[in-house]
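1. This is a predicted model, with the sequence first.
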Amino acid sequence: MQQPPPTLVPGGSGLDDYPRKRQDMNPLIRPLLKGLFVAGAALALCTAHAQSYPTKPVSLIVGFAPGGSADILARLVAQKLGTTLGQSVIVDNRPGAGATIATAAVAAAKPDGYTLLMVTSGHAGSSALYPKLSYDTQKSFDPVAKVGASPVVIVAPASAPYKQLKDVVDAARKNPGKLNYAAGGGGATTTSLAAEFLKSEAKIDMVMVPYKGSGPALTALLSSEVDLGFDIPSSALPHIKSGKLRPLAVTTKTRSSVLPDVPTVAEQGMPGFEVTGWFGILAPAGTPPAVIARLNKEVNALLSDPDTRNKLEGLGVEAASGSPADFGKLIESETKRYGDAIRKLGIKAE
């Protein structure tokens, strides 16, 4: 004979107990569910933002004057990137104080992907040169992509008596503090740091004359206002090809593909000497990861394009590729390397 179903007594151990237990658990579950909901909503919002991004022009800020290497690369990237993003990418030059004015502006900008920063490897040394910066060179930014790498080329006016780097070293040793050189961007640049490293390695004294970028520095060099220049091939190459500037050395381990006849510093009596400049794009810290990923994807795509690579190679820049994390690791390692060297040599910003 079939047994009757059990009697469900309110407050007992039967099914009637379930609603009460569910209510008792709500105070514990509710915060968790709320957190999951907020996280899900934020993720959905970021994803939607990335999918629609960009809906207006993007600003690419450069800390140097027009005509210099960073400016030339920024304009090349901006043109190509604007096409793939479907919105204009506008280059905004804000020179001064070794690019720290521009960098501070981006650090304080809204992290929405509409304000980006073109940096050079000098960014890695700026915290050691300028201890009172309003931003942290690493924590205040999200890496987007490395754009390229390049040597520094040491040049002299064609009318100068220097035919090779040894001539410069000999003259500087004979007349300490008499020779001067142009440094675009001031102290926190790869070019000025290359000069400082050379002075230390060769044990010579030369005076830096700072300018707001490679453009003004080259103008001074071409008019023989200064004796030497330390620059990136992308800026100096047209004047080298025209015969107005004489290249004396490049600072990389190996010779540059665009200046194959110019020996390295290491070949000219300073073995182991190496300074390689690089360029990249940063965004303000807190920029949505999906936006960073989109920008990284588009930058890597344009850098793999044969036309872009040819243009970069013609400027003496080797196109890069990689993830935001890869670029972040480079900045971290270079910040330590440059910082240690700057403190050891006692280099101060001019």
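-> Good, I have the coordinates.

2. Quick test: name the residue nearest the centre of this structure.
-> Closest residue to the average C-alpha location of the chain: residue 119 at 3.1 Å, with CA atoms, centre = their mean.

3. I figured that one hits residue 277, correct?
-> No. If you go by CB atoms under 8 Å, residue 119 and residue 277 don't touch, sitting 10.9 Å apart. Every C-beta, even on glycine, is put in place using the N, C-alpha and C of the backbone.

4. Which strands or helices does the helix or strand residue 229 falls within pack on?
-> Using DSSP states H and E, residue 229 sits in strand 228-231. Helices and strands touching strand 228-231, by 3 or more CB pairs under 8 Å, 6 or more residues apart in numbering; DSSP states H and E, are strand 153-157, strand 180-184, helix 190-202, helix 214-222.

5. Relative to residue 269, which of those is closest?
-> Across those, residue 269 has its closest neighbour in helix 190-202 (8.2 Å, CB to CB).

6. Next, the buried residues of the helix or strand following that closest one.
-> Proceeding N to C from helix 190-202, the next assigned helix or strand is strand 207-211, under DSSP H and E. Neighbour-count burial for strand 207-211, counted by 16 or more other CB atoms under 10 Å, picks out 208, 209, 210, 211.

7. Disregarding residues adjacent in the polypeptide, which is nearest to the last one?
-> Yep, that's residue 211 we're talking about. residue 217 (4.1 Å; CB to CB, 6 or more residues apart in numbering).

8. separation between that neighbour and residue 119?
-> 18 Å (CB to CB, to the nearest Å).

9. Select, out of the helices and strands packed on strand 228-231, the one closest to residue 83.
-> helix 214-222 (25.8 Å).

10. what about stretch 330-341, distance to the chain center?
-> 13 Å (CA atoms, centre = their mean, to the nearest Å).

11. One more: stretch 320-340?
-> Chain-centre distance of stretch 320-340: 9 Å, with CA atoms, centre = their mean.

12. and it, what's its mean pLDDT?
-> On average, the pLDDT along stretch 320-340 is 95.

13. Tell me the buried residues in it?
-> The neighbour-count check on stretch 320-340 (16+ other CB under 10 Å) flags 320, 322, 323, 324, 327, 328, 330, 331, 334, 335, 338, 339 as buried.

14. Which two among these are spaced furthest apart?
-> Spatial extent of the buried residues of stretch 320-340 (CB to CB) is set by the pair 323 and 339 at 24.0 Å.

15. Would you mind listing the outside residues contacting stretch 215-230?
-> Applying CB atoms under 8 Å, 6 or more residues apart in numbering, the external contacts of stretch 215-230 come out as 64-68, 71, 152-157, 159-160, 162, 168, 179-184, 191-192, 194-195, 206, 209, 211, 231, 235-236, 239, 244-245.

16. for it, how far is the first residue from the last?
-> By CA to CA, to the nearest Å, the extent of stretch 215-230 from end to end equals 12 Å.

17. any idea of the mean pLDDT in that stretch?
-> 94.

18. Buried residues in it, which are they?
-> Buried-residue list, stretch 215-230, by 16+ other CB under 10 Å: 215, 216, 217, 218, 220, 221, 222, 226, 227, 228, 229, 230.

19. can you pull the contacts of the residue lying closest to residue 114 once chain neighbours are set aside?
-> Spatial nearest neighbour of residue 114, excluding adjacent residues (CB to CB, 6+ apart): residue 58 at 5.4 Å. By CB under 8 Å, 6+ apart, the residues touching residue 58 are 81, 82, 85, 87, 88, 89, 90, 113, 114, 115, 116.

20. what's across from residue 58 in the sheet?
-> Taking DSSP bridges as the rule, residue 58 bridges to residue 89.

21. please renumber so the chain begins at 38
-> In the new count, where the first residue is 38, that last one comes out as residue 95.

22. Kindly provide the distance from it to residue 183.
-> 18 Å.

23. Residue 246 too?
-> Residue 246 is 30 Å from residue 183, by CB to CB.

24. for residue 159, same thing?
-> 15 Å.

25. Residue 346 should be in a helix, yeah?
-> Yes. If the criterion is DSSP: H, G, I helix; E, B strand; the rest coil, then residue 346 is within a helix.

26. Return the residues in contact with it.
-> Residue 346 makes contacts with 340, 356, as judged by CB under 8 Å, 6+ apart.

27. The one 3 residues further on now?
-> Under the criterion of CB under 8 Å, 6+ apart, the contact list for residue 349 reads 110, 113, 185, 340, 355, 356.

28. For it, report the pLDDT, please.
-> In the predicted model, residue 349 carries a pLDDT score of 92.

29. which residues of the stretch 288-387 of the chain score low on pLDDT?
-> Counting by pLDDT under 70, the stretch 288-387 of the chain has low-confidence residues at 387.

30. before we move on, back to that, out of the buried residues of strand 244-248, which comes closest to residue 171?
-> Of all the buried residues of strand 244-248, residue 171 sits closest to residue 247, with 20.8 Å by CB to CB.

31. doesn't residue 220 make contact with that closest one?
-> Yes. With contact defined as CB under 8 Å, residue 247 reaches residue 220; the gap is 5.4 Å.

32. any idea how far residue 208 lies from residue 286?
-> Residue 208 is 15 Å from residue 286, by CB to CB.
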